[in-house]
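>>> quick one: sequence and predicted model below, then my questions.
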Amino acid sequence: MRFATWNVNSVKARLPRLLDWLEHTAPDVVCLQETKVAEDGFPADEVAELGYATAAYGQGRWNGVALLSRAGLDDVRRGFPGEPGYPGPEARAISAVCDGIRFMSVYVPNGRTPDDPHYLYKLQWLRVLRDVLAADLAAGPLVVAGDFNVAPTDADVWDPAVFAGSTHVTPPERDAIAALRELGLTDVPARAMKGDHPFTYWDYRAGMFHQNKGMRIDHVYASADLAATVTDAVVDREARKGKGPSDHAPVVVDLKR
DNA sequence: ATGTCCGCTTTCAGCGGA
């Protein structure tokens, strides 16, 4: 089985590239983030032509998550119990069972700056997510993948000095991610296609991608039984190249299954 | 590092968000 996660930064703007990438990568399940489209506007017909069923959760202008699967798509859950809002509900999590594995696509709040209310929202959202995942883990094999907006270590940003005082690297954010690992979710480390750092995000501005000044903020966490069957995991930086890319690259994972 | 992109509205220009 092959699955992937990708923050596409608008599924409408990215549709030609998404379809091309699906054809060439041929994942069985895809977790998408920042689709920026309501459920009824998702290009489900277009991905269906490639054999994928869609479960989408969106609100229009911001956020939005989805699952694509050609391995079954059952028991879809949009959001999660007790999920904090800002102030109302936001489309940041969707999960479903594909071939016996529950996949959850998450788009963790950005946090903006450590003194912004959005930062506290981010931490609270991750706290509640942790409790939900504890229950999901008890129910069976689990993959949680998406844009966590957290760089777990200093090695996960291109220059730690630049990020001093910024979100994505603060101890409370890192602790919130560590709490997911402590549940028994295993970080599936993706290798870099090129260079030493498996960054998954590069700002559009200032030639950051070209200089490989990126961050590793898109992550895949798997229950231990699944993590033991991983045969490869890679950041597909080819998808960040060329005309009209997302600012994130997909992470592609292969399981012996 | 702050050199772009996206979706929306105030729609051929500016804004919030990332």
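Thanks, I have it.

>>> now do the helices in the stretch 101-250 of chain A.
A:117-139, A:171-182, A:224-227 (DSSP state H, counting those that start in this stretch).

>>> of all the ones you listed, which lies closest to DNA strand B?
helix A:117-139 (6.2 Å; CB to the nearest atom of the strand). (C-beta placed from N, C-alpha, C; glycine too.)

>>> just the residues contacting that closest one, thanks.
Contact with helix A:117-139 is made by A:80-84, A:86, A:92-93, A:95, A:102, A:104, A:106, A:108-113, A:142, A:144, A:149, A:167, A:172-173, A:176-177, A:179-180, A:183-185, A:223, as judged by CB atoms under 8 Å, 6 or more residues apart in numbering.

>>> same deal with stretch A:237-253?
By CB under 8 Å, 6+ apart, stretch A:237-253 touches A:2-9, A:13-14, A:16-17, A:21, A:25, A:27, A:33, A:145, A:147, A:188, A:190, A:192-194, A:199-204, A:209, A:218-220, A:230, A:232-236.

>>> and these, which of them are in strands?
A:2-7, A:33, A:145, A:147, A:192, A:218-220, A:230, A:232-235 (DSSP state E).

>>> ok, of those, which come out buried?
Buried by 16 or more other CB atoms under 10 Å: A:2-7, A:33, A:145, A:147, A:192, A:218-220, A:230, A:233-235, out of the ones in strands among the contacts of stretch A:237-253.

>>> mind listing what the residue nearest to the spatial centre of chain A touches?
By CA atoms, centre = their mean, chain A has its centre lying nearest to A:Gly146, at 1.1 Å. Counting by CB under 8 Å, 6+ apart, A:Gly146 touches A:5, A:7, A:31, A:33, A:65, A:104-108, A:218-219.

>>> present those as CSV; the columns should include pLDDT and distance to A:Tyr119.
Below are the contacts of A:Gly146 laid out as CSV (pLDDT from 0 to 100; distance: CB to CB, whole Å):
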residue, pLDDT, distance to A:Tyr119
A:Thr5, 98, 23
A:Asn7, 98, 20
A:Cys31, 98, 24
A:Gln33, 98, 19
A:Val65, 98, 21
A:Met104, 98, 23
A:Ser105, 98, 22
A:Val106, 98, 17
A:Tyr107, 98, 16
A:Val108, 98, 12
A:Asp218, 98, 20
A:His219, 98, 19
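
>>> how about those residues in CSV, adding distance to A:Thr54?
Converted to CSV, the contacts of A:Gly146 look like this (distance: CB to CB, whole Å):
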residue, distance to A:Thr54
A:Thr5, 16
A:Asn7, 17
A:Cys31, 12
A:Gln33, 14
A:Val65, 11
A:Met104, 16
A:Ser105, 12
A:Val106, 17
A:Tyr107, 16
A:Val108, 22
A:Asp218, 20
A:His219, 23
